[in-house]
Structure formats: structure tokens, C-alpha cells
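S.K.: how would this look folded up:
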Amino acid sequence: MARKPYYSKNKQNTGVMAIFGLIFFFFLISNLLPLLIMGGIGLGTYYLITQKSRKQKKLAHNQLLLLESNLQSSAQEMQTLGQLLDQQNYLKFEVSAKNMLQKLHSYSYVVYSIQKYIDFQDFNRISQKINSQTSAIQTELKKLRISPDSQPASSEEEIILRMAPEIIQPYRNIQNDHSQILEKIKETDNPSELEALHSISMKRFRDILDGYLKIKASPKDYYNAEERLKQAKEALLQFDLDLDETLRKLNESQLQDFEISLRMMNARQSNQKDAPNSSDIY
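M.R.: The predicted structure is shown next:
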């Protein structure tokens, strides 16, 4: 009987091993491929997220450097504001101070918008600089009785701020009431007559204001300067109250139809309450 060759048995074993190898390979691929895909997706997502964060941090760092540069410029502008005060150039001071407040407000908005991307120490340092400069400007405006939100002063206001800041508030109140009164007068039945009467009152105000400023400019050149200044200031305060009353009267005159309709409505409601119900009649 013939013996089978030895190499044929090895060949069969090799084939079996190859088949098992292929099966194992496909098994690994079928089980590991989803994991590899999920891992790849996770790594890609992480990269995208961290890339965005890195860009935001870099942008925040650049904005922080810009803020520091701007605040250094603001510190120099603060010195300029001090010089304007020393020169009693109140009109230019007011305009420059309000412009600075607007810039400081924008700086504050920026630093809060990048707060989570910068160190707390940097955030705290920049915020303190902004708050310090803002507070200093607001304090000087308050000393001059200037509202940070008001319109820039006129040339006449600048003179009053420089020579007689103690009357700036009644002066502004009077100017505001004057403008409103003129508008209200246009809506009345006799605007010409009322405007003429108001003009007489405003001329008296002008006479007192001009006299006050002349005496204040050189009190030694006038008799009883202090007493006359005191009387003039009291007159200005009273005129302010008088204009308030005039404005109230003009406003009330526009409510005549309202009052008539209101009284008629109240009378009708009262009559309905007093009238007997139908159940009482029958």
C-alpha cells in the first residue's frame, strides 16, 4: 500500500489555519470597526471643540492686550481732563469727559464678554482700572452739577459753570421749562398773548442773571455785593418754581375735555347706581 506524501498533510493544516485566521480577522473587523469609527468621531469632535476654544482664548488674549493699551491712553486723557479743569475750560471738559465715559463703558462690556477666557487676576485688574477712571470722571462731573447723560453745555452754561456753578441747576431747570412752555403755548387758543407775557418774564430772568454774573465777576466793584448776590439767587430759585407752576397750568388747560368727559362718566355711573332695578318696579 502506497504512503501519502507528508507535504499534503501540512498543506491541509496550513489551509485550515488560513481559514481560521480569516474568520478571526473578520470577527475583529466586525467588532472593532464600530469602536474605531466612534473613537475617530470622538477624537474629531474633541479636536473641533478644543480648536474653537483655543481660537476664542487667543482672541480674548488679543482683546485683553488691546484693553490694556486703551486704558493706558485713557490714563493720559485723564491728565488732560485735569488740565482742562485747571484752565476752567468747562465746556471742553464736559465734552471730553462724556466721550471718555462712553469709551470706558465699551471697555467694560468687552472685558465682561471675555471674562471666562482670561485669568481672574487679569479680569479683576482691568475691571478695577475701568471702574477707577469712570468713578473719577463722574465725581468731577458731579462737582460741576453736570449729569453724565445730559447734552453738552452751551457757551452760556460754560460761563455759569466757571463763574457761578451754584446757580447752574436752577439755570438749567429754567431753560428746560422755557422750552416746554413755548411748545405748550403754540397749542393754546391765544398763543401771541401768552408768548408776549412769557417773554416779559424771561427778560426779567435775563436781567437778574446778567446782574448776578457781573457782580460775581468783580464783587469789589459793587455795593453790598454779597447781599445782592443772595437776593438774586433767591429770585432765580423762585422764578424756577414760578415756571413750574406756569407749565402745570398750561398742562391743565389741555385737560379740559378730559375733565368734562370724566365728570360726565362719573355722573352717569352714579345715576345708574341710584336708579331702581326692574325687580323693584314689578
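
S.K.: Helices of the stretch 1-150 of the chain, residue ranges please.
M.R.: For the stretch 1-150 of the chain, the helices defined by DSSP state H, counting those that start in this stretch occupy 6-86, 90-113, 120-143.

S.K.: contacts for the second one?
M.R.: Under the contact criterion Cβ atoms under 8 Å, 6 or more residues apart in numbering, helix 90-113 has outside partners 63-64, 67, 70-71, 74, 77-78, 80-81, 84-85, 123, 126-127, 130, 133-134, 137-138, 140-141, 144, 146, 148, 152-153, 155, 157-158, 161-162. The C-beta positions use only the backbone N, C-alpha and C, and glycine is treated the same way.

S.K.: Can you tell me which of those are buried?
M.R.: Buried by 16 or more other Cβ atoms under 10 Å: 63-64, 67, 70-71, 74, 77-78, 81, 84, 123, 126, 130, 133-134, 137, 140-141, 144, 146, 153, 157-158, 161, out of those.

S.K.: Could you report the neighbour count for Ala235?
M.R.: Neighbourhood size, Ala235 [other Cβ atoms under 10 Å]: 18.

S.K.: Give me the distance between it and Arg228.
M.R.: 10 Å (Cβ to Cβ, to the nearest Å).

S.K.: now do Ser127
M.R.: Using Cβ to Cβ, we find Ser127 at a distance of 50 Å from Arg228.

S.K.: Domain parsing of the protein, as residue ranges.
M.R.: 44-149, 164-269 (automatic domain parsing).

S.K.: List the buried residues for stretch 202-220?
M.R.: Counting neighbours by 16+ other Cβ under 10 Å, stretch 202-220 gives Met202, Phe205, Ile208, Leu209, Tyr212, Leu213, Ile215, Lys216 as buried.

S.K.: quick one: average pLDDT of that stretch?
M.R.: Taken as a whole, stretch 202-220 has an average pLDDT of 95.
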